[in-house]
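Asks: what's the 3D shape of this:
(chains A and B)
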Amino acid sequence: MRHPPYHLRLNKAVDRLTLIDAIKHIGRSEDLRAYTYYGMGGPTLEDFRLIYEFFPEIRMVCIEENEDTYKRQRFHLPCRSRRLKLERTAFSSFLAKYEAKDERSIFWLDYLDLQFTSFEEFMELLGKVGAKSVVKITLRCNPPDFLDPDTEKQLKKQEEFKKKFETVLPSAFTVPPIELKDLAQTVQEMLQIASQKALPSRVPTMFLPVSSFFYNDGTGMFTLTGVVCLRTSEAEIKSPFANWRFANLKWNAPIEINVPNLSTKERLHLQRHLPHGRNAGKILRRSLGYLIDRDQAQTESQLQQYADFHRYSPYFIKAIP
Amino acid sequence: MTSEKQTQYEPVSASPVKAFFVHMLTRDIRLEDAILDLLDNCVDGILRAKVTKGAKAEKSSKPYSGFWAEIKFDEHSFSIADNCGGIPWSLHKYAFRMGRTASHPVDAPGSVGAYGVGMKRAIFKLGTQSIITTKNGVDAYEVEVPGGWMEDEKNWEFPVEPAKIPMRYEGTSLVVASLHPWIADRFSVDREDFQSSLERMVATHYAFIIHKGFSVTVNKITVRPRSMKLLCTRKERSARNVSKEIQPFMFRTKTSDGIEVFLAVGFTRPIPSIDEIENEQDEKRYSSEDAGWTIICNDRAVVFCDRTELTGWGEAGVPRYHTQFIAISGIVEFKGEASKLPTTTTKRGVDASSALYLQVKNKMREGMRIFTDYTNKWKMRADESRKYLATGTLLTLDEIKIESENLKFNKTATSVPPGEQYKPMLPMPRRLEPRHRRISYVKTVQEVEIVSEHLFNERDVNPSEVGELCFDMFLKEARSH
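Replies: Below is the predicted model of the structure:
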């Protein structure tokens, strides 16, 4: 079982920290000790390491099907196994057994691909988790998957997409867009429809989105985080997120994460100008005094991204073990 | 001696209680279906207008061209407007009653309204207050279903007034305000899901009518038809070798009471390989499938892609539906007087006990058997069978009917109802005993990944490809010795 190296997935690292931020916002009104985090972990349990670092009071359960990955996870345990339980099972089997029992959960359905089963698992989960639970789902959202130089093959791919996702598509004639931001919007709309199917207006709970992002670390990905809550407590759940700059409480367009690859020296240099609201890109470019991308506009756009996400950008530094 | 007081027995009332009557009617129908009922009325309006105006029998392929219906909804109201001819004042005694009287005028050919409940049921399904404005010839009037009408048990009438705002075209506009709270929620909280679901239903159930020129918009989005298609080998391509062509099984008849039936069942795609079947069982790859039966009554689909006993699956020698039959699809079309069609009152289902339907179902099963048998014969050689299926072109029902003119139909005097049918000679494997053997074995994921990387430089190549290449390599080696 091979996994992409973490240090090559800068934007994913940022996304992980936006989840931490979302949980912090939840923590403003809720007691996080009542929560359990369920995730898929990967070999080094990166998300679990972060959860433990920021919220040691949250219990954790990692679900992993592959035996060797499971063994690697045991090797990488960030804390005592009483705090973090490793479950070796397929996620679908786990879901079949899972009972919320009024417990609050934080789930991260971190999929690598875009399959209809992922939507089904998402829908099943929404119907099972207790109120005030957090559900984050990450899906592949890669426009080249649906492109082909051969027109006939491309049409076939589009037909396959329509057939695969027909019941959650905004329209029966939706074809996968060729721009990442547009495809991310489509995937978000598909998840919105899936959430309405899982929790229709006649049931007392709803899925309230809190943030959504798309990024490309070599492969386009889309990620949506939301809270399952009683319809009557919608305003109460929204309240702590009201001033969060990355909040998406109304299914608005997802935000792009595309942080530039800056050296530590550059980052420390730019630090003195941050945080900065308007025109951060321009100010940071002037401060650097050179371009980091193909032209001035691209450089400013990249630096604006850095300004937006600098608190979440990880440092990858060579260390002697 | 005192005489006991004699009870005066009076006739008892059996008149319906409004709330019961209306709730019963609305409970049995889905919201989407109730809205499709309103669309049915639009199309019936076109047909009625054509008869009234003495239009000649339509031979055009686009008889509904120029006619439209616009559906709009939000959390406050629902509306449907059309230019389909309006409701003649002469029909007012029938159009607004709940149910039909025996004296109801004969419907225009091709209509589907048979019970006289569709519009009223839709109104009360949606809300409590409504206004219907219509223009037909010199008549332009509006009928109001006032708020509170339901509570007044004695009043069964709707007030009528001349139209306040003159309509620019002959047609009808129906607006329902005071939506039921759960309907308002469907239109707002569940808006995206409802919009997509309604659009999909219009696209499938109205595919034939939209193909024939009718235009439907849902919240300003024009709905495109989604037709069922079957693989057919065009005659000129297969003139020399009938046994290698792929055609549907077809049956047509006309009953003594004037119902025309046309049935076609065949393939929509190549038959699935064993791997594909196994993968689909492990995880559901598709949210929808085109397999199964679609039943059309007077151009409107009343059943879409059914794979149950209702359409003959799992009955009388036909196997139950299973993923291996994912390529099989059938269409049955009934045309004729609405009251004689085998539909339920909701018009979104087939009356399974209808004598006509039961007879036609025999033919549906007969046709299906040919294709389930073909699938079973070829399932171990799905790849080989693809070359035959590749000769086929996907055709709509109308195109199949045109193509059927080139095929020789045989009379089926023994069938009930008597008709004529075309039984395709599907290509069969030359030898019935298999020329191929399937090899299957199980190895650990890790071992498969090691071999995959060794052979393909990738660890996640499909295991069957890994196994096949291993075999081919040893076969080559064995042959060289």
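Asks: Identify the residues contacting residue 80.
Replies: Just so you know, I chose chain A. Applying Cβ atoms under 8 Å, 6 or more residues apart in numbering or on different chains, we find A:Arg80 in contact with no residue. In this view, the C-beta of every residue, glycine as well, is placed from N, C-alpha and C.
Asks: Sorry, I should have been clearer: chain B.
Replies: B:Ile35, B:Leu38, B:Leu39, B:Cys42, B:Ala69, B:Glu70, B:Ile71, B:Lys72, B:Ser173, B:Leu174.
Asks: excluding its backbone neighbours, what's nearest the residue most central in space within chain A?
Replies: Geometric centre of chain A, nearest residue: A:Thr223, 3.7 Å, by Cα atoms, centre = their mean. Sequence neighbours aside, A:Thr138 is the residue nearest to A:Thr223 in space, at 4.2 Å (criterion: Cβ to Cβ, 6 or more residues apart in numbering or on different chains).
Asks: for the helix or strand hosting the one you found, the distance to its chain's centre please.
Replies: In this assignment (DSSP states H and E), A:Thr138 forms part of strand A:133-140. Distance, stretch centre to chain centre, for strand A:133-140: 6 Å (Cα atoms, centre = their mean, to the nearest Å).
Asks: Pairing partners for it, with directions?
Replies: When pairing is defined by DSSP bridges, strand A:133-140 lines up against strand A:104-110 (parallel), strand A:220-230 (antiparallel).
Asks: now, of the ones you listed, which is deepest in the fold?
Replies: strand A:220-230 (a mean of 24; mean count of other Cβ atoms under 10 Å in any protein chain shown).
Asks: Would you mind writing the CA trace of the helix or strand that that one is followed by as PDB?
Replies: Next in sequence after strand A:220-230, counting helices and strands by DSSP H and E, comes helix A:234-238. Written as PDB, here are the backbone C-alpha positions of helix A:234-238 (Å, rounded to 0.1, in the frame of the first residue of the first chain):
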ATOM      1  CA  GLU A 234     -29.500  26.400  13.200                       C
ATOM      2  CA  ALA A 235     -28.900  29.900  14.300                       C
ATOM      3  CA  GLU A 236     -27.100  28.800  17.500                       C
ATOM      4  CA  ILE A 237     -24.700  26.600  15.500                       C
ATOM      5  CA  LYS A 238     -24.100  29.300  12.900                       C
END
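Asks: buried set for helix A:234-238?
Replies: By 16 or more other Cβ atoms under 10 Å in any protein chain shown, the buried positions in helix A:234-238 come out as A:Ile237, A:Lys238.
Asks: Stretch A:152-162 now?
Replies: Using 16+ other Cβ under 10 Å as the test for burial, stretch A:152-162 gives A:Lys157, A:Gln158, A:Phe161, A:Lys162.
Asks: Sort out which of those residues are in helices and list them.
Replies: Judged by DSSP state H, helices contain the following of the buried residues of stretch A:152-162: A:Lys157, A:Gln158, A:Phe161, A:Lys162.
Asks: From A:Ser313, how far out is the closest residue to the second one other than its chain neighbours?
Replies: Read it as A:Gln158. Excluding the flanking residues, the one nearest A:Gln158 by Cβ to Cβ, 6+ apart is A:Val175, at 4.6 Å. Noted for A:Val175: a distance of 35 Å to A:Ser313, by Cβ to Cβ, to the nearest Å.
Asks: Those two: which has the busier surroundings?
Replies: Relative neighbour count places A:Ser313 above the other of A:Val175 and A:Ser313, with 21 against 16, counting by other Cβ atoms under 10 Å in any protein chain shown.
Asks: which SS state does the more buried one fall under?
Replies: coil (DSSP: H, G, I helix; E, B strand; the rest coil).
Asks: B:Trp182 belongs to a strand?
Replies: No: applying three-state DSSP, one finds B:Trp182 to be helix, outside a strand.
Asks: Please report the distance of it from B:Ser188.
Replies: 11 Å.
Asks: Also B:Phe474?
Replies: B:Phe474 is 65 Å from B:Ser188, by Cβ to Cβ.
Asks: Look up the pLDDT of B:Gly330 for me, please.
Replies: B:Gly330 carries a pLDDT value of 92.
Asks: wait, it sits on B:Ile296?
Replies: No: in this structure, B:Gly330 is not within contact of B:Ile296 by Cβ atoms under 8 Å, at 11.2 Å.
Asks: Counting neighbours, go ahead and name the busier of these two.
Replies: Neighbour tally, B:Gly330 and B:Ile296, criterion other Cβ under 10 Å: the higher count belongs to B:Gly330, 26 against 22.
Asks: Please, which helix or strand holds the residue nearest to that one when sequence neighbours are not counted?
Replies: Once flanking residues are discounted, B:Gly330 sits nearest to B:Val265: 3.3 Å by Cβ to Cβ, 6+ apart. Here B:Val265 sits within strand B:260-267, counting by DSSP H and E.
Asks: buried stuff in that strand?
Replies: So strand B:260-267, judged by 16+ other Cβ under 10 Å, has buried residues B:Val261, B:Phe262, B:Leu263, B:Ala264, B:Val265, B:Gly266, B:Phe267.
Asks: before we move on, back to that, list the buried ones in the strand holding A:Thr138?
Replies: Residues A:Ser133, A:Val134, A:Val135, A:Lys136, A:Ile137, A:Thr138, A:Leu139, A:Arg140 are the ones in strand A:133-140 that count as buried (16+ other Cβ under 10 Å).
Asks: Apart from its chain neighbours, what residue comes closest to the second one?
Replies: Among residues not flanking A:Val134 along the chain, A:Ile106 sits closest, at 4.3 Å (Cβ to Cβ, 6+ apart).
Asks: cool, and the third one?
Replies: Taking Cβ to Cβ, 6+ apart, and ignoring the residues beside it in sequence, A:Val135 has A:Phe107 as its nearest neighbour in space, at 4.9 Å.
Asks: what's across from the one you found in the sheet?
Replies: Going by DSSP bridges, A:Phe107 forms beta bridges with A:Tyr38, A:Val135.
Asks: Around chain A, which positions in the stretch 51-200 of chain B sit nearby?
Replies: Those residues of the stretch 51-200 of chain B that sit near chain A, judged by Cβ under 8 Å from any Cβ of the partner chain, are B:182, B:185-186, B:188-190, B:192-196, B:199-200.
Asks: Sort out for me which of those are in helices.
Replies: Using DSSP H, these in helices are B:Trp182, B:Asp185, B:Arg186, B:Ser188, B:Glu192, B:Asp193, B:Phe194, B:Gln195, B:Ser196, B:Glu199, B:Arg200.
Asks: I figured the residue nearest to A:Val135 hits A:Lys128, correct?
Replies: No: at 9.6 Å, A:Phe107 and A:Lys128 do not qualify as touching, with contact defined as Cβ under 8 Å.
Asks: picking up where we left off before, pipe the buried residues of strand A:133-140 into CSV and attach pLDDT and distance to A:Leu84 per row.
Replies: As requested, the buried residues of strand A:133-140 are exported to CSV (pLDDT from 0 to 100; distance: Cβ to Cβ, whole Å):
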residue, pLDDT, distance to A:Leu84
A:Ser133, 95, 19
A:Val134, 96, 18
A:Val135, 97, 20
A:Lys136, 97, 18
A:Ile137, 97, 22
A:Thr138, 96, 20
A:Leu139, 96, 25
A:Arg140, 95, 27
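Asks: For the residues you listed, work out which two are farthest apart.
Replies: Across the buried residues of strand A:133-140, the longest distance by Cβ to Cβ is 24.2 Å; it joins A:Ser133 and A:Arg140.
Asks: ok, which stretches of the stretch 1-150 of chain A are strands?
Replies: Using DSSP state E, counting those that start in this stretch, the strands found in the stretch 1-150 of chain A span residues A:35-39, A:59-64, A:84-88, A:104-110, A:133-140.
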